[in-house]
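Peer 1: Structure for the following, please:
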Amino acid sequence: QVQLVESGGGLVQAGGSLRLSCAASGRTFSSYSMNWFRQVPGKEREFVAAISWNGRITDYADSVKGRFTISRDDAKNTAFLQMNSLKPEDTAVYLCAAKSRGVPISAPYDAWGQGTQVTVSS
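Peer 2: Sure, this is the predicted structure:
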């Protein structure tokens with residue numbers, strides 16, 4: 001079972017950038033797709049970005065396309081979310097999640113991190 005730990009959150013002014021990291025334990029990191037979500041208190045968890053197990057396919061929420069970039073470094077067992085041109089509405093707790101290669105899209109995620117707070121001031 002993979003375990004995930006996010007880092008890199010913080011307070012930034014609108015228009016600024018942050019790079020989030022999601023470090024995974026275990027030796028099978030390369031067999032998981034990696035995904036970023038965000039959550040604001042009182043609202044549903046929102047999909048942000050995903051990258052396939054082999055890094056060839058990425059997907060983004062419309063709200064972050066062109067501003068955020070997801071990547072992975074399998075040698076470091078780490079996924080990243082580069083966030084540029086941040087807006088106050090990007091303020092949320094950002095969580096990463098792993099899903100095993102080959103399972104249905106509807107399958108639950110295998111692991112979630114604890115989240116890292118991102119706050120964007122206007």
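
Peer 1: where along this protein do the helices fall?
Peer 2: With DSSP state H as the definition, the chain shows no helices.

Peer 1: residue closest to the middle of this protein?
Peer 2: Nearest residue to the geometric centre of the chain (CA atoms, centre = their mean): residue 36, 2.4 Å.

Peer 1: That residue against residue 93, yeah?
Peer 2: No. Look at residue 36 against residue 93 with CB atoms under 8 Å: they stay out of range, at 11.2 Å. Glycine gets a C-beta too; all of them are placed from N, C-alpha and C.

Peer 1: still on that earlier bit, mind listing what the residue nearest to the centre of the chain touches?
Peer 2: Neighbour list for residue 36: 20, 22, 48-50, 70, 79, 81, 94-97 [criterion: CB atoms under 8 Å, 6 or more residues apart in numbering].

Peer 1: could you redo the last one with a cut-off of 10 Å?
Peer 2: Residue 36 sits next to 6, 20, 22, 46-51, 60-61, 64, 68, 70, 79-81, 83, 94-97, 113 when contact means CB atoms under 10 Å, 6 or more residues apart in numbering.

Peer 1: before we move on, back to that, where do the contact lists of residue 36 and residue 93 overlap?
Peer 2: residue 6.

Peer 1: still on that earlier bit, what pLDDT does the model give the residue nearest to the centre of the chain?
Peer 2: On the pLDDT scale, residue 36 is placed at 98.

Peer 1: now it, nearest residue through space, not along the chain?
Peer 2: residue 48 (4.2 Å; CB to CB, 6 or more residues apart in numbering).

Peer 1: Give me the neighbour count for the one you found.
Peer 2: 24 (other CB atoms under 10 Å).

Peer 1: Please apply the same query to residue 11.
Peer 2: 12.

Peer 1: Identify the residue spatially nearest to it, adjacent ones excluded.
Peer 2: Nearest one to residue 11, counting by CB to CB, 6+ apart, is residue 119 at 4.7 Å.

Peer 1: Done for today, thanks.
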